[in-house]
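Peer 1: sequence and predicted structure are below.
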Amino acid sequence: MDADYTAAKKYLAKEHYYGRLVRKFFLFGGIVMLLSLPFFNDLIPASPTFSLLAVVAVSLAAGLINPLMRSAVLFNVLVSIAALIIFEYEAISLYAAIPSSDAEWLFFVINQALALNFFLATYYGTKSARGLLVKGKFVDSERSVS
């Protein structure tokens, strides 16, 4: 099945595709995760290997997003949901434990900011997925008629 690049360009110009915005959220989140990892490694409940794999997953999701690949858009939604849950859960846990040091407060703030970042990525990623799925049904039904 050949990709219809002309239709994709028209779609990008006016429809519900927010891939560029989602990519920015993912890149911002990945950079913050990567830069903060050495400083908060002892506070992160996961192993350094898992943390690095999470950064790689966010980076892959940012690089794969493409309006012609529904699977990549859906992958972005799943990654952003997972990141949102992980970072907000950690922020809630930290806040409930009443952070006692400046490092713990800063770690709480970073987790909360990352949760907000991935919340926005989830929202816009879901809008993109919805738009692509609805457009796909419309285009597929239109092709079967002609």
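Peer 2: Done, it's in.

Peer 1: which stretches of the chain have low pLDDT?
Peer 2: Low-confidence segments of the chain (pLDDT under 70): 1-5, 7-15, 135-146.

Peer 1: please enumerate the strands of it.
Peer 2: In the chain, no strands are found when defined by DSSP state E.

Peer 1: for it, longest helix please?
Peer 2: The longest helix of the chain (DSSP state H) is helix 102-145.

Peer 1: by contact count, what packs against that one?
Peer 2: helix 5-14, helix 19-40, helix 70-96 (3 or more C-beta pairs under 8 Å, 6 or more residues apart in numbering; DSSP states H and E). All C-beta atoms are positioned from the backbone trio N, CA, C, and that covers glycine.

Peer 1: run the last query once more with 7 Å
Peer 2: Taking 3 or more C-beta pairs under 7 Å, 6 or more residues apart in numbering; DSSP states H and E as contact, the helices and strands that helix 102-145 lies on are helix 19-40, helix 70-96.

Peer 1: which parts of the longest one are buried?
Peer 2: Buried residues in helix 70-96, defined by neighbour count with 16 or more other C-beta atoms under 10 Å: 72-77, 79-84, 86-88, 90-91, 94.

Peer 1: and what of stretch 36-44?
Peer 2: Buried positions in stretch 36-44, judged by neighbour count with 16+ other C-beta under 10 Å: 36, 40, 43, 44.

Peer 1: dump those residues to CSV, plus distance to residue 99.
Peer 2: Below are these laid out as CSV (distance: C-beta to C-beta, whole Å):
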residue, distance to residue 99
36, 15
40, 12
43, 10
44, 14
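
Peer 1: what is the neighbour count of the residue nearest to residue 127 when sequence neighbours are not counted?
Peer 2: Using C-beta to C-beta, 6 or more residues apart in numbering and skipping the chain neighbours, the partner closest in space to residue 127 is residue 16 (5.1 Å). A count of neighbours around residue 16, defined by other C-beta atoms under 10 Å, yields 15.

Peer 1: I'd assumed residue 129 was in contact with residue 16.
Peer 2: No: in this structure, residue 16 is not within contact of residue 129 by C-beta atoms under 7 Å, at 9.0 Å.

Peer 1: noted, bye for now.
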